[in-house]
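Student: Take this sequence and fold it.
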Amino acid sequence: MNDTTHGLMSRIARRINTAIGWARITFTNDSGNAQLVQVQVNAAETIDNLPRIAEFGLTSVAPNGSDVAMVNLGGGRNNAVVVGTNHQASRPKGLKAGETMLYSQDGKSVYLTASGGIVIDAKGQDVAVNNGGTVTIHAQTKVIVDSPRLECTGDIVDNTATNSHSMAQMRAIFNSHTHPVVNIQTGGSTINTNAPSQTE
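Tutor: All right, here's what the predicted structure looks like:
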């Protein structure tokens with residue numbers, strides 16, 4: 001092999017070796033159409049504004065210090081894209097084959113288990129469903145609400161197939177109802193009781 005061929009092969013080998021690289025995130029800019037990250041490749045090399053490519057429908061900002069896998073287009077790190085991230089400290093461990101979990105750095109998660117259903121862990125934080133039209137829950141057996149207090153700002157209607165009254169309407173009907181009092185006077189007169197004195 002002559003010097004020219006050896007030099008060409010060496011350059012090709014370097015390009016192959018640098019086609020895929022590892023680094024750690026040091027900063028993320030999530031304000032644009034593409035997320036841009038700054039990564040530290042080693043103690044002497046930091047690269048700015050690498051686009052991070054994620055799956056459609058799923059977005060996140062990986063914590064600083066997360067591992068990244070880079071594909072170096074054309075073999076050059078300054079023309080790289082980030083195609084994978086991993087934050088070792090917060091990654092859930094021990095999942096079984098076929099399971100999936102959506103998780104955050106502070107431990108909140110939506111866990112699609114292999115045999116235990118779907119488990120949502122909010123870590124004591126609020127859970128909100130915003131801007132829904134009709135929110136429908138179909139449960140084959142029952143819905144259990146284990147809470148010290150259940151509040152609703154609007155009407156509650158049960159047995160909707162046969163009942164047209166809300167609970168507030170039924171409470172108003174109950175609070176104003178009377179009972180006939182039969183045969184308490186000579187002559188067979190009938191009177192009605194007063195409305196209940198305790199209405200709720």
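Student: Residue 172 should be in a helix, yeah?
Tutor: Yes. Counting by DSSP: H, G, I helix; E, B strand; the rest coil, residue 172 is located in a helix.
Student: What count of nearby residues applies to it?
Tutor: Other residues near residue 172 number 13, with proximity taken as other CB atoms under 10 Å. No exception for glycine: its C-beta is placed from N, CA and C like everyone else's.
Student: nearest spatial neighbour of residue 67, skipping sequence neighbours?
Tutor: Among residues not flanking residue 67 along the chain, residue 86 sits closest, at 4.6 Å (CB to CB, 6 or more residues apart in numbering).
Student: gap between that neighbour and residue 23?
Tutor: 12 Å (CB to CB, to the nearest Å).
Student: out of the two, which sits in the busier spot?
Tutor: residue 23 (23 against 11).
Student: Pull up the gap between that one and residue 163, please.
Tutor: Distance from residue 23 to residue 163, by CB to CB: 63 Å.
Student: before we move on, the earlier item: what touches both of residue 86 and residue 23?
Tutor: Both residue 86 and residue 23 are contacted by residue 67, under the criterion CB atoms under 8 Å, 6 or more residues apart in numbering.
Student: ranges for the helices of the protein?
Tutor: According to DSSP state H, the chain carries its helices in the segments 3-17, 167-176.
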